[in-house]
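Enquirer: Sequence and computational prediction follow.
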Amino acid sequence: MMRRIKDYLNGQPENGITVKGWVRTKRGNKNVAFIALNDGSTINNIQVVCDVASFDEQILKQITTGACICVKGDLVPSQGAGQSVEVQAREIEVYGVADPETYPLQKKGHSMEFLREIAHLRPRTNTFGAVLRIRHAMAFAIHKFFNDKGFCYLHTPLITASDCEGAGEMFQVTTLDPDNLPRLEDGTIDYSQDFFGRHTSLTVSGQLEGELGAMALGNIYTFGPTFRAENSNTPRHLAEFWMIEPEMAFYDVNDLMDLEEEFIKYLVQYALDNCQDDIAFLTKMIDPELTDRLNSVVSTDFVRLTYTEGIDILLKSGQKFEFPVSWGVDLQSEHERYLVEKHFGKPVILTDYPKDIKAFYMKQNDDGRTVRGTDVLFPKIGEIIGGSERESSLEKLNNRIAELKMDTKNLWWYIDTRRFGSCPHSGFGLGFERLLLFVTGMSNIRDVIPFPRTPKTAEF
């Protein structure tokens, strides 16, 4: 297997090596040229030193920022500062040139907005290389955490006929000809002629199917893309994003909160242990408080308090919020961040929300007003995890569905699980990109996913 630049930078001098990658910079004089080469395996470049007299002038002219090259030579102790080893080049092959007049990633600062316009090239920048390596590490850590705890990875469908959240903000899936739609006598579309014989959409969550898995396998988790047709142009919203959704049989709300805290601490610690160079770079260039904030999360116990207690704190704070606070309102990011950043100075798990602002599947408390929902609130982000103990009573679930006037024809299978061997169970959802915002220090969710999908944006 071909060795990568990261391996050579961590290794010892040796003769007869080959490195391949993309040129970040080239500098030098008439006698010697210094090429900074990167292959994506690390934030750090390897320096290639060329004796100009030993190479064809036309070859050296083709080596510009962005060009892809193969270098054969010797790994030797570095004569300059900044690296312990460097490559003394003997042969160079240019795989692909990059016209310096048109290549957009020259050695200068580029705005995040500009880089979103060239998302096909932005992974070559230091910032996005770091973000994408951390994204990979977090995906691996998620699977490792659940696998080590005996969870089963369940693949839930991306095409569904049910709306888990009941918000109706779903992307339609159809093979019908939009210019010649079949109609019923009342003028509505005849979906019986569609591919699935019914109205179908892209999923907003794998939770409902995940619960079915938990009713048989005990502990499961899903990790896949989800879709929201929500016309939100904010730094915290995407139309296509990834969700981690575990469901656990026999877990009550306290077991759930324990798992939420253990899970998020595990992921942050994994990043600190395995992504040191990338986190150090992002701390230096993006968010000076990043490393300290990550360390603070893993070293402190999360605060646990009820929604009602949180409202009381907000009302007594004397803080003027853009969105007024009262019992029964859905908390906004400014409220959540006040509790986390100003009042407690640490992550908060908020519980027992008013049932009227939460989904139909959450278990109702005995007071008839609140449900056993849990939101994990983080600094800079606000809500990062949303979960609950699920309603296991068939009677209460049916009453809540009726109260909300929900159409049950596409939920019969979900309701059936409360008829046949129902049990206490809980689960949560963690937005992967929200996690990455926290771990990387990036400020816009469009910059922690390779190719963001937002309103009016489906490029690349």
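Expert: Everything's here; your move. Residues are numbered from 1 along each chain as shown.
Enquirer: which residue ranges form the helices in the stretch 201-350 of the chain?
Expert: 207-217, 253-274, 276-285, 290-298, 307-316, 333-337 (DSSP state H, counting those that start in this stretch).
Enquirer: Buried residues, the last one. List them.
Expert: Buried residues in helix 333-337, defined by neighbour count with 16 or more other Cβ atoms under 10 Å: Ser333, His335, Glu336, Arg337. The way it works is simple: take the backbone N, C-alpha and C, and place the C-beta from them, glycine included.
Enquirer: To Gly73, which of the helices of the stretch 201-350 of the chain lies closest?
Expert: helix 276-285 (24.1 Å; Cβ to Cβ).
Enquirer: packing partners for that closest one?
Expert: Applying 3 or more Cβ pairs under 8 Å, 6 or more residues apart in numbering; DSSP states H and E, one finds that helix 276-285 makes contact with helix 126-148, helix 290-298.
Enquirer: Can you lay out those helices as TSV showing mean neighbour count and distance to Ile189?
Expert: Below are those laid out as TSV (neighbours: other Cβ atoms under 10 Å; distance: least, Cβ to Cβ, whole Å):
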stretch	mean neighbour count	distance to Ile189
helix 126-148	18	39
helix 290-298	17	49
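Enquirer: Nearest to Glu117, out of those?
Expert: helix 126-148 (13.2 Å).
Enquirer: Tell me the predicted confidence for Gly168.
Expert: On pLDDT, Gly168 comes in at 61.
Enquirer: Next up, the contacts around the spatially closest residue to Leu184 that is not a sequence neighbour.
Expert: Nearest non-adjacent residue to Leu184, counting by Cβ to Cβ, 6 or more residues apart in numbering: Asp190, 5.0 Å away. Asp190 makes contact with Leu181, Pro182, Arg183, Leu184 under the criterion Cβ atoms under 8 Å, 6 or more residues apart in numbering.
Enquirer: that older thread, okay if I get the helices of the stretch 201-350 of the chain as a markdown table plus mean pLDDT and distance to Asp375?
Expert: Below are those laid out as a markdown table (pLDDT from 0 to 100; distance: least, Cβ to Cβ, whole Å):
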| stretch | mean pLDDT | distance to Asp375 |
| --- | --- | --- |
| helix 207-217 | 96 | 15 |
| helix 253-274 | 98 | 10 |
| helix 276-285 | 98 | 26 |
| helix 290-298 | 96 | 16 |
| helix 307-316 | 97 | 9 |
| helix 333-337 | 94 | 8 |
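Enquirer: thinking again about what came up before, so which of the helices and strands packed on helix 276-285 gets nearest Lys409?
Expert: helix 126-148 (33.2 Å).
Enquirer: Packing partners of that closest one?
Expert: strand 152-153, strand 219-227, helix 253-274, helix 276-285, helix 432-440.
Enquirer: How much space separates the spatially closest residue to Gly96 that is not a sequence neighbour from Lys284?
Expert: Nearest residue to Gly96, sequence neighbours excluded (Cβ to Cβ, 6+ apart): Cys68, at 4.2 Å. From Cys68 across to Lys284, the span is 27 Å (Cβ to Cβ, to the nearest Å).
Enquirer: Which of the two has more residues huddled nearby?
Expert: Set Cys68 next to Lys284 and count neighbours by other Cβ atoms under 10 Å: Cys68 wins out with 17 against 11.
Enquirer: what's the span of stretch 114-126 from first residue to last?
Expert: 15 Å (Cα to Cα, to the nearest Å).
Enquirer: List the buried residues for it?
Expert: So stretch 114-126, judged by 16+ other Cβ under 10 Å, has buried residues Leu115, Arg116, Ala119, Arg122, Arg124, Asn126.
Enquirer: For Phe378, give me its contacts.
Expert: Val297, Val340, Pro347, Ile384, Phe438.
Enquirer: How about Phe196?
Expert: Neighbours of Phe196 in contact, by Cβ under 8 Å, 6+ apart: Ile159, Ala161, Val173.
Enquirer: Out of those residues, show me where the pLDDT dips lowest.
Expert: Ala161 (90).
Enquirer: Give me the neighbour count for that residue.
Expert: 16.
Enquirer: And the one 10 residues further on, by the same measure?
Expert: Here the neighbour count serves as a burial measure; for Phe171 (other Cβ under 10 Å) it reads 13.
Enquirer: Go ahead and confirm it touches Leu202.
Expert: Yes - if you go by Cβ atoms under 8 Å, Phe171 and Leu202 touch, sitting 4.3 Å apart.
Enquirer: where do the contact lists of those two overlap?
Expert: Counting by Cβ under 8 Å, 6+ apart, the residues touching both Phe171 and Leu202 are Phe227.
Enquirer: For the residue of the chain positioned farthest from its centre, grab phi and psi.
Expert: In the chain, counting by Cα atoms, centre = their mean, Ala53 sits farthest out from the average C-alpha position, at 49.0 Å. Backbone torsions of Ala53, given as degrees, to the nearest 10, read phi -60, psi -20.
Enquirer: Enumerate every residue touching it.
Expert: Here Ala53 is in contact with Asn31 (Cβ under 8 Å, 6+ apart).
Enquirer: For it, give its distance to Gly206.
Expert: Taking Cβ to Cβ, one finds Ala53 at 62 Å from Gly206.
Enquirer: Kindly report the same for Val376.
Expert: Distance of Val376 to Gly206, given as Cβ to Cβ: 19 Å.
Enquirer: ok, now which ones touch Leu217?
Expert: Cys152, Leu154 are the contacts of Leu217 under Cβ under 8 Å, 6+ apart.
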